[in-house]
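*Asks:* Fold the following, please.
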Amino acid sequence: MTGKPLLPVLRTKKRYIVYRVISKKQVNHFDVSNTINNMFIELFGRINHGLAGIMNTKFHDTKKQTGIIKVNNKYLKEMKLTLTFIKKIKGIDAIVDCIYVSGILKKAKLKVWKGGTK
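*Replies:* Numbers count the residues shown, from 1 in each chain. So this is what the prediction gives:
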């Protein structure tokens with residue numbers, strides 16, 4: 001059964017957060033993804049984690065350790081807070097820094113490729 005598509009007003013809006021991992025050693029994308037998800041669940045619970053619709057994309061630049069996270073726009077502040085609370089990734093001291101927030105994935109990728117700064 002095919003129904004009508006959702007009206008633009010009813011769709012959930014999303015934001016793309018460009019982040020950078022600062023650490024002395026290289027960290028695996030899978031470990032970063034798990035750490036971000038676990039920290040969000042620890043701070044805000046499983047229900048909010050589901051409502052936030054967090055989706056980690058791969059590292060877009062492994063040398064700079066930069067990646068993009070997709071999140072619901074209502075949970076943008078919570079995600080930024082989660083990133084600031086991360087101090088260790090798989091036992092390695094690390095800081096996750098939010099570089100840029102965009103509503104369009106293409107702009108977020110462009111910021112990663114150009115090496116965007118705050």
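
*Asks:* Quick check: the nearest residue to residue 14 once chain neighbours are set aside vs residue 53, distance?
*Replies:* Nearest-residue entry for residue 14: residue 70, 5.5 Å, with adjacent residues in sequence omitted and distances by Cβ to Cβ, 6 or more residues apart in numbering. Where C-beta positions appear, they are placed from N, C-alpha and C, glycine not excepted. Plainly put, residue 70 is 7 Å away from residue 53 if you go by Cβ to Cβ, to the nearest Å.

*Asks:* one step back: surely the residue nearest to residue 14 meets residue 76?
*Replies:* No - counting by Cβ atoms under 8 Å, residue 70 does not reach residue 76; the two are 11.0 Å apart.

*Asks:* which residue packs closest to residue 39, ignoring adjacent ones?
*Replies:* residue 82 (5.1 Å).

*Asks:* contacting residues around the one you found?
*Replies:* By Cβ atoms under 8 Å, 6 or more residues apart in numbering, the contact list for residue 82 reads 36, 39-40, 43-44.
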